[in-house]
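>>> Return atomic coordinates for the entry below.
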Amino acid sequence: MAFALIVGIIIAQFDPDGYNIFENYISDLGSFEHTPFPYLWDLGQMICACSMIPVAFYLQKLFLTYSEKEEDRKESSKPRLALSYLCFISLCISLLGMFMAGLFSEDRTTALHLHLIASYIDFGGLALTSLFFGMSITFYPSPIPRLLGIFMMLLPPIACGIFFTTFNIFSEWILMFSIMVWIIPFAIILLKHLNQEIASRSQV
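Purely as a prediction, here's the structure:
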């Protein structure tokens with residue numbers, strides 16, 4: 001989705017009105033009023049949401065059972081079990097909102113304002129996902145550094161609260177950037193961990 005966001009902003013510069021983070025909401029990338037090719041952002045959201053579904057199941061299992069040493073694995077405690085399900089549910093909610101936001105873009109929002117509703121579900125779900133995964137990383141073993149977990153637990157939820165309080169354009173971008181700051185290293189670290197898991201299993 002980061003690719004669609006960056007390229008979408010570049011393409012939007014060719015619109016006669018221009019595009020910048022101080023005057024335009026993120027959702028404007030999905031409207032012909034602000035960009036000559038809004039389908040890139042719309043499809044980017046929908047593809048990202050669909051591709052993340054198997055990842056959600058993988059993460060739920062990983063954060064429930066992870067231990068720094070294979071021999072130290074044991075039955076998870078009830079709080080850790082509950083937290084892993086909260087991570088899974090909040091991520092699924094955000095993916096649903098993300099898909100709907102792409103499907104019902106600004107140009108296809110309908111009289112029910114489906115795009116606005118989907119955007120709130122998307123951002124609210126991502127903030128909750130950040131909070132719950134941050135708690136799991138901070139308080140339980142995981143392949144993610146605890147410092148990143150603390151950031152996830154604090155900054156995105158605070159940024160989300162500010163956005164839902166002010167509905168200011170720039171606060172939406174701050175929320176988006178606070179989410180991207182943890183998602184990128186989070187994904188890189190987990191991909192590296194997954195590759196190590198695959199490599200270790202192939203050696204058995």
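>>> where are the low-confidence patches of this protein?
Along the chain, the model assigns pLDDT under 70 to residues 1, 68-76, 203-204.
>>> cutoff 80 now
Applying pLDDT under 80 to the chain picks out residues 1-4, 15-18, 67-76, 200-204.
>>> residue ranges for the helices of it, please.
Counting by DSSP state H, the segments of the chain that form helices are 2-12, 39-51, 53-65, 78-103, 114-139, 146-166, 169-203.
>>> Please identify the most buried of the ones you listed.
Mean neighbour count (mean count of other Cβ atoms under 10 Å) peaks for helix 114-139 among these, with a mean of 21. Just so you know, the C-beta spots here come from the backbone N, C-alpha and C atoms, and that holds for glycine as well.
>>> which helices and strands does that helix pack with?
Here helix 114-139 touches helix 53-65, helix 78-103, helix 146-166, helix 169-203, going by 3 or more Cβ pairs under 8 Å, 6 or more residues apart in numbering; DSSP states H and E.
>>> how far is that helix from where the chain is centred?
Put simply, helix 114-139 sits 7 Å off its chain's centre (Cα atoms, centre = their mean, to the nearest Å).
>>> mind listing what the most centrally placed residue in the chain touches?
The chain has L126 as the residue nearest its centroid, 4.9 Å off, counting by Cα atoms, centre = their mean. Contact analysis of L126 by Cβ atoms under 8 Å, 6 or more residues apart in numbering lists S94, P156, C160, I179.
>>> Thought D122 was touching the third one, still the case?
No. When contacts are counted by Cβ atoms under 8 Å, C160 is not listed as touching D122 (10.8 Å).
>>> For S142, see how far away A101 is.
For A101, the distance to S142 equals 29 Å [Cβ to Cβ, to the nearest Å].
>>> Next: S94.
Remark: distance between S94 and S142 (Cβ to Cβ) = 19 Å.
>>> and if you look at F132?
In terms of Cβ to Cβ, F132 sits 12 Å off from S142.
>>> hang on, the earlier thing: make a markdown table out of the helices and strands packed on helix 114-139 and add distance to H34.
Shown next, in a markdown table, are the helices and strands packed on helix 114-139 (distance: least, Cβ to Cβ, whole Å):
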| stretch | distance to H34 |
| --- | --- |
| helix 53-65 | 30 |
| helix 78-103 | 15 |
| helix 146-166 | 20 |
| helix 169-203 | 12 |
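>>> Please identify which of those is closest to E23.
helix 169-203 (6.8 Å; Cβ to Cβ).
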